[in-house]
Each structure stands twice: as C-alpha cells, then as structure tokens.
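S.K.: quick one, what's the 3D model for this:
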Amino acid sequence: MSTDAQTPSAETASANGAADTPPLAQKILLVTDAWEPQVNGVVRTLSNTMGELRAMGCEVEVISPADYPNSIPLITYSEIRLALGAREDVEDRFLEFKPDAVHIATEGTLGWDARAVCLKHKFPFTTSYHTQFPEYVTARFNWIPLWAGYRFMHAFHDKSGRVMVATPTMQKQLELQGFRNTAIWSRGVDIEQFHPRLRGMDGGVYPADLPRPIFAYVGRVSVEKNIEAFLKTELAGSKVVVGGGPALEELKAKYPDAIFTGPKFGEELARHYADADVFVFPSFTDTFGLVILEAAACGTPVAGYVAPGPQDILPNTGAGIVDDDLQKACLEALKLKREDARALAERYSWRACAEDFRRNLEPLPKERGRRFWHKLADLRKRAKERRQIARDKREAERARKK
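M.R.: From the prediction side, this is the model:
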C-alpha cells in the first residue's frame with residue numbers, strides 16, 4: 001500500500017475532531033533565568049521568539065530574574081542573576097495566568113521553581129537545552145567530572161515532555177547521553193539589522209592601516225568559548241575579539257597583537273561582523289551559535305571546528321568551512337563568496353523559529369484545561385489568603401518589637 005493511501009486526508013482528520021493534531025497553545029508561560037537586560041544568544045533567541053509569538057496572536061507571560069530584587073550573580077557568569085525564594089510567587093503567577101502551556105528555558109533557580117510547581121499540579125511542561133552545561137562546567141572546573149554535569153541535567157529535564165535542542169547534532173549527542181524526549185527548535189536571525197550594506201560604511205569600523213585580512217570573533221570572552229584556540233592559530237593579517245567576559249584581561253595580556261574591542265551592540269556590532277573578512281567560531285560547547293547566522297547575514301564567511309552548530313549549519317552551503325584544523329578552515333573560508341553567506345542567513349527567520357517552538361509545546365487539551373483551572377480556582381484563593389495572613393503576622397510582629 002502506498003504512503004499516500006495510509007495518510008488520512010485533511011477532511012478525515014477534521015471529521016475525527018483532528019484527533020491526531022495536537023492543539024497549539026494560545027497562552028504561553030515562559031520561565032527563564034536568562035532574560036533582558038542580559039545580552040547573549042539565549043536571551044536573543046527567547047526574546048525574538050516571544051516577540052514573534054505575540055505577533056502571531058499568542059498571549060505570553062515571562063517570569064525572569066528581572067521580576068525579583070532578591071537575586072545573586074551566577075558564579076563565573078555575573079551577568080546572570082539567580083532569583084532566590086521565588087517559588088511561591090512563581091506558583092501564584094502560574095495560577096493567575098492560567099497558561100495553556102509552560103516552557104522552562106533554563107536550569108537556574110527559577111527553572112527549578114517552575115519545574116516544582118508544574119510537578120506539584122501535574123501540569124505538563126517543556127524545557128530547552130541552550131548550553132552544553134556539563135562541558136561548560138568541566139571546562140571551568142576540571143575537577144568536576146563530565147558525568148556529574150549530565151546527572152544534574154537529567155535530574156532537571158527528565159520530567160519534561162520535550163527537551164528542545166537547536167540542531168540534529170545536539171539532539172544525537174543528548175540521545176547518546178540517555179535523553180529520550182528531544183525535539184528540534186532551530187534559530188533565526190534579523191536579516192535587516194545584520195546586513196552586507198554595512199560593510200565599509202563610513203570608512204569601516206577597523207583602522208585603515210590594520211593588516212588584512214581581518215579574522216574576527218564575536219561573543220562572550222570566557223574559557224568555555226575556546227577563544228585561545230583562535231588566538232593561537234597562525235594567520236596572516238589581524239585577529240579581532242569583540243565582546244567582554246571574565247577571560248578578557250587575561251587574553252589581552254597574553255595576546256597583545258590581537259585587537260580587543262570590548263562589547264558592541266546594535267548597528268556597531270553588525271558593522272564589526274560586516275567589516276571582518278572571516279568570522280571565527282572556535283567553540284565546542286555551544287549548542288547552536290547564533291553569532292554564526294549574524295555573521296553570515298552580514299555576508300561574512302564563517303570558520304569553525306567540527307562541533308554542534310557549525311557542522312549543522314555550514315557544510316555544503318558555501319557560507320563557511322568546518323574542519324578539525326582551525327587554520328585550514330580560516331584560510332578556506334577566505335575563498336568563499338560573501339553572497340553565499342548572506343543566502344544562508346536568509347533561509348532562517350524568527351517566525352519559523354517561533355512556529356517550531358509553538359509546535360513543540362505540550363498544552364493541555366482544551367476540555368482538560370477547563371477542568372484543570374476550575375479545580376485550581378479554590379487553591380489560588382486559599383494560597384492568596386495564606387500569604388496575606390503571613391504578611392499580616394510579620395507586620396504585627398514588627399509592630400510588637402517596636
């Protein structure tokens with residue numbers, strides 16, 4: 001029998017109440033420890049995805065550290081704040097918003113709080129795997145074994161309906177580590193903000209006497225990004241590092257011939273991509289590498305290792321080279337056409353990224369959802385009353401002490 005004969009028609013699916021078609025969430029609760037004003041690939045991905053979902057008519061509620069003044073910086077990554085003692089408020093906001101679906105984006109304190117709330121109420125949720133956390137930790141603290149990091153990640157993601165990952169390579173890597181509930185959620189790029197027209201604008205962002213070609217890295221300057229592999233590579237011309245981070249001063253002192261610009265934003269950032277001749281991505285710990293698409297959108301070819309991200313995005317596109325030899329990748333990337341890099345970026349959009357994300361969510365079926373929230377109405381009321389009693393008690397205690 002042919003495949004077509006086995007596939008139900010749209011009319012049949014409609015007649016059967018679209019039983020095989022999962023509902024798409026309209027009200028989406030996102031819980032994340034990485035959010036604005038942080039500037040990194042995770043935040044850009046989440047922010048742009050949520051913006052597209054709102055444009056598609058979804059109602060989105062975001063719970064982030066920005067909502068909680070009682071927070072501490074993450075060790076070795078001070079830009080990320082970890083909210084403390086937020087679980088009751090997370091539960092209140094969950095009950096108040098009544099989402100169709102919950103997505104927990106990060107494995108920080110808010111992520112664990114939201115996971116506990118969902119498990120308490122038997123509410124399905126999805127998660128995402130943005131960073132190779134076990135490799136990241138081992139790169140920073142070599143006395144912590146890789147298996148310990150994966151045990152932590154399993155503990156966080158094991159109850160997730162789907163763990164969203166950016167690339168097939170990352171999906172396979174997690175499956176080899178025992179993850180069985182993965183799904184692809186790709187990435188997008190703003191092809192208007194990052195554009196070839198910026199190349200050489202107003203004379204360019206790099207000094208005219210800077211030796212060419214220019215090989216540039218853009219991103220966080222930290223040990224897990226493997227930037228030193230780039231700086232050690234013998235290349236004619238100039239090496240530029242755009243970004244800030246804990247390893248910045250050490251690398252500046254160790255590699256005085258390289259140019260370190262510090263962090264750049266907006267159009268100035270895009271011009272640094274556009275004025276480079278090759279964008280170098282030496283990381284092994286990223287799960288995608290959004291900067292690859294940003295560079296390509298500016299027409300700049302990419303050189304990287306055979307690693308998650310580069311090996312999924314670049315081969316057979318003419319937009320970049322992946323190789324176990326970074327020097328070879330850089331020199332081969334110099335020969336590529338800038339228009340081919342731009343063509344690769346034009347295949348990625350934030351709308352497609354948001355559609356992937358929405359399809360991967362696990363919303364409650366409509367009828368079950370109505371019963372669920374009706375049942376929890378009294379719970380929400382009692383929770384508010386308990387907290388009001390606790391507040392009144394604390395105020396009375398303070399007044400008594402005076």
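S.K.: need the residue closest to the centroid of the chain.
M.R.: Centroid-nearest residue in the chain, with CA atoms, centre = their mean: Val42, separated by 2.8 Å.
S.K.: report pLDDT for that residue.
M.R.: pLDDT, Val42: 91.
S.K.: by contact count, what packs against the helix or strand hosting it?
M.R.: Assigned by DSSP states H and E, Val42 belongs to helix 41-55. Using 3 or more CB pairs under 8 Å, 6 or more residues apart in numbering; DSSP states H and E, the elements in contact with helix 41-55 are strand 27-31, strand 59-63, helix 290-297, helix 350-360. Glycine gets a C-beta too; all of them are placed from N, C-alpha and C.
S.K.: okay, the ones you listed, which one's buried deepest?
M.R.: The highest average neighbour count among those, using mean count of other CB atoms under 10 Å, belongs to helix 290-297 at a mean of 27.
S.K.: what mean pLDDT does that helix have?
M.R.: The predicted model assigns helix 290-297 a mean pLDDT of 97.
S.K.: circling back to that earlier point, and the gap between the residue nearest to the centre of the chain and Lys384?
M.R.: The gap separating Val42 from Lys384 is 33 Å, by CB to CB, to the nearest Å.
S.K.: next, the residue lying closest to Gly245 once chain neighbours are set aside: secondary structure please.
M.R.: Nearest residue to Gly245, sequence neighbours excluded (CB to CB, 6 or more residues apart in numbering): Val221, at 3.6 Å. The three-state label given to Val221 by DSSP: H, G, I helix; E, B strand; the rest coil is coil.
S.K.: I'd guessed Val221 sits against Glu228; true?
M.R.: No - using CB atoms under 8 Å, Val221 is not in contact with Glu228; the gap is 10.3 Å.
S.K.: thinking again about what came up before, could you check the angle helix 350-360 makes with the helix holding Val42?
M.R.: Relative orientation of helix 41-55 versus helix 350-360 (axes from the mean of the first three to the mean of the last three CA atoms, to 10 degrees): 80 degrees.
S.K.: can you put the helices and strands packed on helix 41-55 in JSON lines and add distance to Ala307?
M.R.: Converted to JSON lines, those look like this (distance: least, CB to CB, whole Å):
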{"stretch": "strand 27-31", "distance to Ala307": "28"}
{"stretch": "strand 59-63", "distance to Ala307": "31"}
{"stretch": "helix 290-297", "distance to Ala307": "11"}
{"stretch": "helix 350-360", "distance to Ala307": "21"}
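S.K.: what about the residue nearest to Cys353 when sequence neighbours are not counted, which SS state?
M.R.: Setting aside the residues directly before and after it, Cys353 is nearest to Gly188 in space (CB to CB, 6+ apart), at 4.0 Å. Following three-state DSSP, we place Gly188 in the coil state.
S.K.: Gly188: how many residues sit nearby?
M.R.: Gly188 has 21 neighbours, counted by other CB atoms under 10 Å.
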